[in-house]
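Colleague: Mind folding the following:
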Amino acid sequence: MGLMDNQVPDCYEKQPMLAVLENFVLDALGKLEPEKAAVLQQILSKTFGGTDWRKTVREQFGLPGDTATQLKAAWKQRVEEAEQTQVEITPEEFAQSAADDILADMGN
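Modeller: Residues are numbered from 1 along each chain as shown. Next up, the predicted model:
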């Protein structure tokens with residue numbers, strides 16, 4: 001999904017930061033592979049400077065410092081709801097939805 005795929009879906013070509021944001025959400029959930037985090041660090045520090053890619057993402061999107069905590073809580077609630085309704089949800093689906101919500105809140 002997203003940043004590391006060989007073929008880039010249209011949504012990422014139109015909004016490349018969407019892939020970064022989705023991976024930020026996965027990282028907050030503890031579901032991002034260390035290799036992807038390392039690539040994000042390289043890309044974002046080269047593009048925006050800084051040494052903490054997570055902080056850079058928060059700054060670029062105007063997110064509060066406790067965003068990771070909020071995302072974890074929302075993920076936990078979503079998993080509980082999915083279990084009650086017997087619907088399966090993956091971390092990737094949640095990340096896509098959360099990223100879309102963040103962008104919508106920004107007016108994009």
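Colleague: rest of the way, CA atoms for contacts and neighbours
Modeller: Will do.
Colleague: so which strand or helix has the most centrally placed residue in the chain?
Modeller: Nearest to the centroid of the C-alpha atoms of the chain, with distances taken as Cα atoms, centre = their mean, sits Glu22, at 2.5 Å. Assigned by DSSP states H and E, Glu22 belongs to helix 16-28.
Colleague: what residues does that helix touch?
Modeller: If you take Cα atoms under 8 Å, 6 or more residues apart in numbering as the criterion, helix 16-28 is touched by 2-3, 11-12, 32, 37, 40, 54, 57, 68-69, 71-72, 91-92, 95-96, 98-100.
Colleague: which of those count as buried?
Modeller: Among the contacts of helix 16-28, the ones that count as buried by 16 or more other Cα atoms under 10 Å are 2-3, 32, 37, 40, 54, 57, 68, 71-72, 91-92, 95-96, 98-100.
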